[in-house]
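# Would you be able to build a 3D model of this:
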Amino acid sequence: MSGAGGAGGVSGTQSFSDLVLDGIDQLEGIQDKASSLGVQAATGQLDNIHDYTLAASQAQVTTQLTVAVRNKAMEAFTEIMRMPI
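Predicted coordinates for the structure are as follows:
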């Protein structure tokens with residue numbers, strides 16, 4: 001997930017759920033790219049191993065960020081549910 005708005009910025013009409021879904025789609029794309037480069041590296045078809053190393057690192061960091069955001073969202077939900085009515 002690259003920032004709050006990606007390439008075009010956040011418009012006033014984009015909901016939080018849309019941002020989350022976009023971020024998950026980006027994560028999936030990054031992981032797919034790292035996986036395909038990993039297969040190419042393992043089969044000897046990849047000329048520059050640094051491409052795979054960068055893609056794998058990007059996938060790892062993006063996954064960690066996504067998990068951290070999910071954890072914060074769960075903490076916020078738990079706190080809201082604890083509020084007295």
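# okay, CA-based contacts and neighbour counts for the rest of this
Noted.
# Quickly note the distance from residue 22 to residue 51.
Distance of residue 22 to residue 51, computed by CA to CA, to the nearest Å: 24 Å.
# If you count contacts, what does the strand or helix carrying residue 81 end up packed against?
Remark: residue 81 resides in helix 49-82, with elements defined by DSSP states H and E. Other helices and strands packing on helix 49-82, by 3 or more CA pairs under 8 Å, 6 or more residues apart in numbering; DSSP states H and E, are helix 16-43.
# what mean pLDDT does the helix it packs on have?
On average, the pLDDT along helix 16-43 is 92.
# Counting by contacts, list what that helix packs against.
Under the contact criterion of 3+ CA pairs under 8 Å, 6+ apart, helix 16-43 touches helix 49-82.
# ok and the helix it packs on relative to helix 16-43, angle-wise?
Between helix 49-82 and helix 16-43, the angle comes out at 150 degrees (axes from the mean of the first three to the mean of the last three CA atoms, to 10 degrees).
# Compute the distance between the nearest residue to residue 55 once chain neighbours are set aside and residue 57, please.
Using CA to CA, 6 or more residues apart in numbering and skipping residues adjacent in sequence, the residue nearest residue 55 is residue 34, 4.9 Å away. Using CA to CA, residue 34 is found at 9 Å from residue 57.
# now do residue 66
14 Å.
# Right, I'll call it a day here.
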